[in-house]
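Q: Quick one: sequence and predicted model below, then my questions.
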Amino acid sequence: MIYICIPTHNEQQTVGVVLWKLRQVLTDFPRDYQLLVADDASSDKTADVLEPYTRVLPLTVIRSEQRQGSAASLEMLLREAVRRSEYPKRDVIVTLQADFSEEPDDLVPLVKRLEAGADVAVGNKVSATKEARARRFARSLASFFVRRQKWPEGVTTPFEGYRAYRLYAIKRAMETRGNARLLRHEGWACHADLLRAVLPNARRVDVVDIDDRPDRLQRPRREKPFASAMQVRAMASGTEPPGLVGVDELDRIAQTASRSRERAAITAQSVQDGSGTGSRTNGSRTRQTARRDQGRTRSQANGSARSRPESGRTRPESGQSRQRSERSQQAAPGSGSKSAGGRARQPRSRSGGEGGPQQAA
């Protein structure tokens, strides 16, 4: 199972395109998947855009009424995927942005690396356009803050979020943290913090070149380069930001929203597969109904089979009675009256005895 986690905030122009493109990609690359979207208190029409997709895709929307931030939204999705997973060592988590600056087609090579044995596949963005000078300088500054952290070979920057993780590695990282937040800082620091937490549980990390498409952005970048660099500094020093939402509150939001969307997600999966996969409950009810119908049919058939032999036995008994009557008539043509030379014979009854006392001639 592939769990695709997409945090979003005010992405009405692009989130629908991303979902539809993912559906096309996973149609050509057939794998079981679920789409998990966190709507972080969007004030535009993002919720209206997502609503119809819950009927045609295996999509669950977790909506928070108050702004939680990108780190809290991503952690809610990660925890929801861990809760749903039945095979953590085989399942995959893919983290993706909703602004369409990351190519959904690149999901395929990332997942293939995990299928080949990697535990983490890091997307190394390659852009045809040159970054702004301020952003390049802030990236260099952020890299300086985490210079003591040893990153896997080939990872040019830990600040990109388009990656694929083996679910078991994230689950182990959460268990190590206990009841503490896994992601505590926003922006670039969020992605670096997640990679740093997962590395102790990853035996192999691969790097995949992916396309960076800033030309697809329908809005200005929300990131503030120097503020993001300062978040990386706080993350590297271990400083916890004030007012951090706890894990219990995130789980409460996720569970409530998931229950409200569960039926829509199940219906969407049934429509997509055509056989009700994705809804074990509905499938078991269908099978139970079918078994009851088969039992009733068999009972009716057995009842009919029992009634036929009974009617069949009735007919031979009537024939035997007629044969006995014919034999009696042949033996005593004058049955029921006095014969010329003897006594009148009475036909035997069904009990086999004489019909009455003999009469003298």
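A: Received it, and whenever you're ready, just let me know what you need.
Q: Test my guess that Pro152 contacts Val207.
A: Yes: using C-beta atoms under 8 Å, Pro152 is in contact with Val207, at 7.3 Å. Quick note: C-beta positions are derived from backbone N, CA and C, even for glycine.
Q: if I look at these two, which residues touch both of them?
A: Counting by C-beta atoms under 8 Å, 6 or more residues apart in numbering, the contacts common to Pro152 and Val207 are Val122.
Q: who has more neighbours, the two?
A: Remark: of Pro152 and Val207, Val207 carries more neighbours, 18 against 15, as counted by other C-beta atoms under 10 Å.
Q: Now do the SS call for the more buried one.
A: Using DSSP: H, G, I helix; E, B strand; the rest coil, the structure places Val207 in strand.
Q: From Ala71, how far out is it?
A: Separation of Val207 from Ala71 (C-beta to C-beta, to the nearest Å): 23 Å.
Q: hang on, Leu22 in a strand?
A: No: Leu22 is assigned helix when assessed by three-state DSSP, not a strand.
Q: Now it. Nearest residue, chain neighbours left out?
A: What sits nearest to Leu22 in space, not counting adjacent residues and going by C-beta to C-beta, 6 or more residues apart in numbering, is Pro104, at 4.9 Å.
Q: show me the contacts for the one you found.
A: Pro104 neighbours (C-beta under 8 Å, 6+ apart): Val18, Lys21, Leu22, Gln24, Val25, Leu96.
Q: now those in a markdown table, with pLDDT and distance to Arg113?
A: Putting the contacts of Pro104 into a markdown table (pLDDT from 0 to 100; distance: C-beta to C-beta, whole Å) gives the following:
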| residue | pLDDT | distance to Arg113 |
| --- | --- | --- |
| Val18 | 95 | 21 |
| Lys21 | 95 | 21 |
| Leu22 | 95 | 18 |
| Gln24 | 94 | 21 |
| Val25 | 95 | 16 |
| Leu96 | 93 | 16 |
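Q: which helices and strands sit right next to whichever strand or helix holds Ile210?
A: Using DSSP states H and E, Ile210 sits within strand 205-212. If contacts are counted by 3 or more C-beta pairs under 8 Å, 6 or more residues apart in numbering; DSSP states H and E, strand 205-212 sits against helix 107-115, strand 120-127.
Q: Mind telling me which of those the model trusts least?
A: With a mean of 90, strand 120-127 has the lowest mean pLDDT of the helices and strands packed on strand 205-212.
Q: for that one, packing partners?
A: Applying 3+ C-beta pairs under 8 Å, 6+ apart, one finds that strand 120-127 makes contact with helix 107-115, strand 163-166, helix 188-198, strand 205-212.
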